[in-house]
Every structure is written in structure tokens, then in C-alpha cells.
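Q: Make a model of this:
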Amino acid sequence: MPVPVGAKRRVYAETFCGSVGERRDDDAMAPKATYQHRPVGLQRETGRVSRVATEPSTGEVHALEESELWSTAREVPAWAISLIVHALLLLLLASITQVINRDSFREPIVSEMLDEFDEQYKFDTVVVEDLGNDSDVNTISPSQLAATVVKTDPVERMERHIEETVIEAPAIPTSEVVTPNEAEFADVVDVRGATEEPGGVEGAIDRLTLEIAQSLKERKTLVIWLFDESGSMAKRRNAIADRFENIYRQLGMLDESYDKALKTAVVGFSDKTTFYTPDPVDDIRPLVGVIRGIKPSKSPKEMVFTAVMDCAKRWLKYRTAMRRNVLFIIVTDERGDDFQLVEDASAFLARYGMRVYCVGNASPFGRREGYIPYTYPDGYTIMAKVDQGPESLFPQRLNLPFWGVRSNDLRNMSSGFGPYALTRLCAETKGLFLITEQDRRYRFDPAIMRNYVPDYRPIRVVEKDVRSNLAKTALVQAAQRANVETITAPQLSFRADTDNILRQQITEAQKPLALLDYRLQELETILAAGEKDRPKIREPRWQAAYDLAMGRVLALRVRAYGYNVVLASMKASPKSFSNKNNNTWTLVPSSEVQGGPIVRKMAKRATEYLSRVIDQHAGTPWAVLAERELSTPMGWQWKETHVNYGDGGRNGKKDNKLRILFADDPKNPKKSTKMRAPVRRPPPAL
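A: Below is the predicted model of the structure:
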């Protein structure tokens, strides 16, 4: 119903949701009533928005003036208005965005440590159980390094390691700090597992004294001396006996043998093990006579690894039950005939933390056989052949002759390292191989040779590494083939009394040349098969060995090809001597390479390989051999000379017929009465 004219206008108070309203009469006399009405809506009229309300009883819609709207807004609480305003302000601020270029905030991250890592370095963590005790004997060995790798996240293990090790250290009162004495500052740096040149037997004994003293500082110690019973070792055994008392006298001066802390055992080995002290002793004075009394063995065998295992098992209780350090000191000049037991011996001793030291000879470079002076009881001295090498597990040097080049001084050249098996035993147990004798004609700086240390990891690991690289595999195969099938030097001097004699000698010299060329070509083919993997080699030792092998094989092929060319030319058309008194043609090196462009290209490649060895591996045995190969040209030329062949048999062959020689009669010098019998000496048992 419409509102009557003059009646008081009802004002509806609306809630915020607009669902419930109460009537408020301006006239106090009017009856009060409550109206249930519909929500207030919006009505758009000619662009102006006004509020409308619906009468609940009649359904009529009444428009509210703007003044009424403001009146209604005034009734809203202040906190609600503040909440709305702040909400709108936050929405406004949130809608404001700014485009930022991320690249402008990127700074290069440079880490110097990244350059220090190579492909060979792994982030695997090695965990080794404590073996026997907590001394530094339990430091990780090459075998454990290769075998016991824990496959865990390196970052996680690094964080855990930092949490475990970085702890707060308690403050130490300065009054309790002990100043070390001057002797402790002079101690040698611990380089166990390496090869040292202490300066002969005397220097080796001094070095061993320090090692024993260091062991005694940790705990009580058992020292087992193992002496090679070969006749060639008599001089070295006596030298050690001379200084034996001095060793223990020095230890006594340091007060290290207090309370019987040091026990000693003496053992000999040849084809069997001899225990000169059935049990370790405290008093070493009788042991000097025992060492001097060791008699040379009649057996040429040296079962050194068997002796080590016999001693280790016999006196294992000193390590396990008595908690002593156990040190082995091996005195020998060979590699040992039972070297195949090195894996078992190394694993056993490393497991129980027993160290091995060896006083021995350096291995000849890349060769199994070396030469040592041996003097018979009558004073006669010979250079005896013994097994002293090689210094590496696999052969890496090709046994090739030097044609037209002096090479006798290279036969026994030292490698700077001990025999592989014994040195591996020392390295695996964290001991030392002390070189007391080696060829003195060539000395190599130990600081340089540290970069060329042989691989002393377990055999299975080394084999896997060699198989993974074609160049290494080819080098080992070529070295094995060259060492089995020895390549001899050719004949360079030819007698030429007549052309027929000259042709006959040339024909004989050409016969082995076909086989020689076949072997050289075979070696080149083997090495060439691995040439593409040569850039992948990272170890300097393998790099030098491969380049030297390839360079020498190519150089020898050039010499052999030119040798055959000049022989064939001389055989077809013999030359005449410019001096009629000369009777011999000799081949000498020449800068002119015979054989055409293919052979000259081969000579160029050989020079490149050998020059790289000299430039990149100076001061090493490989550089010495490369320099010797390049010291003379690869071509050949004839040189005439005169040789006094005597009045021997045909074709200048010497008369080797035996003649009886008689000793002079002291009463009548012109008359011989006794026959001088040749002295026959048995081969030494070395």
C-alpha cells in the first residue's frame, strides 16, 4: 500500500547482509512493528545508483535517497570500515608488479678446486676396519683402496664427516702445554710405502733405526730379520752384523727398550725357512754371531714370500694377543722365486697390520735379469746373472738391440725402483723398500721418478686398467713378444779379400733379415692397433713407455730396410777399395735414409715419437734410451778398413783349435814341464 501523504516516513535499518531490518519510528506515539523484508538491492537509474527497499506487507519497492544511504553507512562500526580499507590497500599493493632481469644478478662462480680434479679422482669414500690396534699401521693400503669402496652419496658423507669431526675443543691451560724437544723437529717425514735410496747399507740401517724407534713410541715391538742365505749376500750380512749392536745401542740411549719393549728374531731363507731364533729374544748380543755364522746355501732358490708367511703365522700371537707391533726386515739382492705369492702375503700382513721393510737392490730398467759381482773363494770375480726385476707387473720395455750404436752401458741401467713383488709387499703393508745397490752410471733424481712409480695396486685392478686402454694393451703384448723372441743385431763388418768372399758373407747376413723384418713389422702392427688410445693415457710412465716403444720399432725398421738395400746393392755390384791394403767393408750410420719416400716418412715418425719422449720425460730412463737411439742417423754407408785376420782357416774364420799350454819350469824357464789345467768353477748358487 502506498505511504499516505504527511505520514512519518519509515526508516529501515539494514544489516550488512541485508536480510533482517527493524523499523524505527520518529513518532514515538506510532505503534512499533518489525518488518521482514527482502535484501536491499541496487537499481541503476540514468547512470545514478540508488538504494531500494521492498515493503514486506505489500511488496512495494521504495527507493531510498542518497542521504539515507549515508545515514545507513554512518551506523557501520569503525573497526569494520578500517578492516575494509586495509584489505583494499593490501590488494592494491599486491597488484603492483615489476619485471626484473635475473641475468643481471648472476655472478660467475669460480672455484679453484675444480681445476685440481681429474677423471681419475673419485668421490667415493673408503672405509677400513680397525685392524689389530689404533696405530697408523692401519692406514689404508693400495689393495684396500681398490677393493673397499662404499657406494654412498659423497655430499651426505662429507656433511656427516664434518659433523663428527668439527667439535668444540676444550681450552688447555698454557701451563700444561709441553714444548717438544729439538730431536722431534728433526724426525723424517713419514713416506711409508715408497722407495728410498738411503745411501748404501749404512744409510739403510740408520733409516731402519728410526722406523724401529717410531714403532716403539707407539707400543712394544717385535722385529723379525729375514736374511737371504745366498753366497752373494755374505758381504751385506756382515755389514749389517757390524752395525747390529749399534742399532740397539741407539735405541737404548733413547730409552726405548725399557721393560723389554723390543724383541728380535733372526730367520734365514733359501729353498726353505730356517729359524735361527726359535723364539724372539730380548738380548741381541748373541745375535751378532748368529748373523755372521749364516752359511751360504747350496740351493739357488730364494723362497722369500714363503719365509714371510711362515714367520707371520708362527708369531701371530705377538700381534693379536700381546698387542705388539710387528716389523719384517728382509735383506736380499733378488726378487724371490716365489713372487707369485705376493698377493696372499700382502693380504695377510695388511690384515693384521704387520709392516715389511726390504734392504735390496734396484731392479734393472724394464728387464728381469740383472748382473751382480760375485767373487769365488779363490778371489776370481765374475758378473753373475740374477733375477732382479722387472720393476712393474707387466713388461713395458721392448728388448730391442741398438744397431750401430754403443749400448753395453745400458744393459744393467737402474730403474730407480725395487723388484715389483717385493716393493708391492712393502707398499701394501706401509713399509719401505730401501735401495742399497744399483747401477751408478745413470742416476735419476728421485723427485722426478716419483711421477713414474709403478702401479702397486692388486693384480686384478692393474689387469682391468690395462685392458681398458688399447695403447696399454698393445704395449704389453709387444713387450712380451719382443722379450720372448729376441731380436739380435745384424752383421756390420764384411771381409772382402775377393768379390766371392764378400758375396758369400752378404748372403749369409741377408738370411736372418727376412725373419727380422717380419718380427719388426709384427711389433709395429701390434703397437699401431692401440695408437688411437694413446691420447687417453694419463700416467706419465705409460706415456713414455708407449712412445719409446713405437719410436724404437719404427727406427729399427728404417735401419733394417736400409741395411737390406745397401747389402743388395753391394752384392750386385761390389765396390773396389780406394786403398789396396784394405780388406774389409764396414757399415756405418749415415744421414741418408735408403728405401724411398715411404721409408723416409717412417723415419720422420720415429723421430717425432723419440723426440717427444726426450722433451716430455727428461731425466728418466726412457729419455736416456730415446737419446741413444737418436744419437746416430738411421741410414747406412760403406766404409773401407783393414783387419788383420791372421793365418786362420778359410774365409777368414779364426782357428779355434785348442792348444795345450805348459807352465814354466822355475829351474829352466825355456822348458815347460807341467800342463796348465783350466780352472773349472761351478756356477754360483745365487
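Q: Double-check residue 207 against residue 199; I have them as touching.
A: No. Counting by Cβ atoms under 8 Å, residue 199 is not a contact partner of residue 207; they are 9.1 Å apart. Backbone N, C-alpha and C define where each C-beta goes, glycine included.
Q: Which one of those two is surrounded by more residues?
A: Set residue 207 next to residue 199 and count neighbours by other Cβ atoms under 10 Å: residue 207 wins out with 18 against 13.
Q: who are the neighbours in contact with the more buried one?
A: Residue 207 makes contacts with 188, 196, 198, 432, 434, as judged by Cβ atoms under 8 Å, 6 or more residues apart in numbering.
Q: any idea how far it is from residue 604?
A: According to Cβ to Cβ, to the nearest Å, residue 207 stands 49 Å off from residue 604.
Q: ok, now residue 537?
A: 23 Å.
Q: for stretch 490-500, how far is the first residue from the last?
A: End-to-end distance of stretch 490-500: 20 Å, with Cα to Cα, to the nearest Å as the criterion.
Q: which residues does residue 308 contact?
A: Going by Cβ under 8 Å, 6+ apart, residue 308 touches 226, 328, 330, 345, 349, 356, 425.
Q: quick one: the helices in the stretch 301-450 of the chain?
A: 304-314, 317-320, 342-351, 420-428, 446-449 (DSSP state H, counting those that start in this stretch).
Q: What residues sit buried inside the longest one?
A: Neighbour counts using 16 or more other Cβ atoms under 10 Å place 304, 305, 306, 307, 308, 309, 310, 311, 312, 314 of helix 304-314 among the buried residues.
Q: One more: the third one?
A: By 16+ other Cβ under 10 Å, the buried positions in helix 342-351 come out as 342, 343, 345, 346, 348, 349, 350.
Q: Repeat that for stretch 222-237.
A: Quick answer for stretch 222-237 (16+ other Cβ under 10 Å): 222-234, 236-237.
Q: residue contacts, the closest residue to residue 292 other than its chain neighbours?
A: Sequence neighbours aside, residue 241 is the residue nearest to residue 292 in space, at 5.0 Å (criterion: Cβ to Cβ, 6 or more residues apart in numbering). For residue 241, the residues meeting the contact criterion (Cβ under 8 Å, 6+ apart) are 288, 291, 292.
Q: Distance check, the spatially closest residue to residue 211 that is not a sequence neighbour against residue 194.
A: The shortest distance from residue 211 to any residue other than its chain neighbours is 6.6 Å, reached at residue 357 (Cβ to Cβ, 6+ apart). Going from residue 357 to residue 194 by Cβ to Cβ gives 12 Å.
Q: which residues do the two both contact?
A: Common neighbours of residue 357 and residue 194 (Cβ under 8 Å, 6+ apart) are 432, 433.
Q: Looking at the two, which is more packed in?
A: Counted by other Cβ under 10 Å, residue 357 and residue 194 do not tie: residue 357 has more neighbours, with 24 against 17.
Q: ok, now how distant is that one from residue 444?
A: From residue 357 across to residue 444, the span is 22 Å (Cβ to Cβ).
Q: for residue 611, same thing?
A: Separation of residue 611 from residue 444 (Cβ to Cβ) stands at 20 Å.
Q: just residue 581 next, same as before
A: Per Cβ to Cβ, residue 581 is found 47 Å from residue 444.
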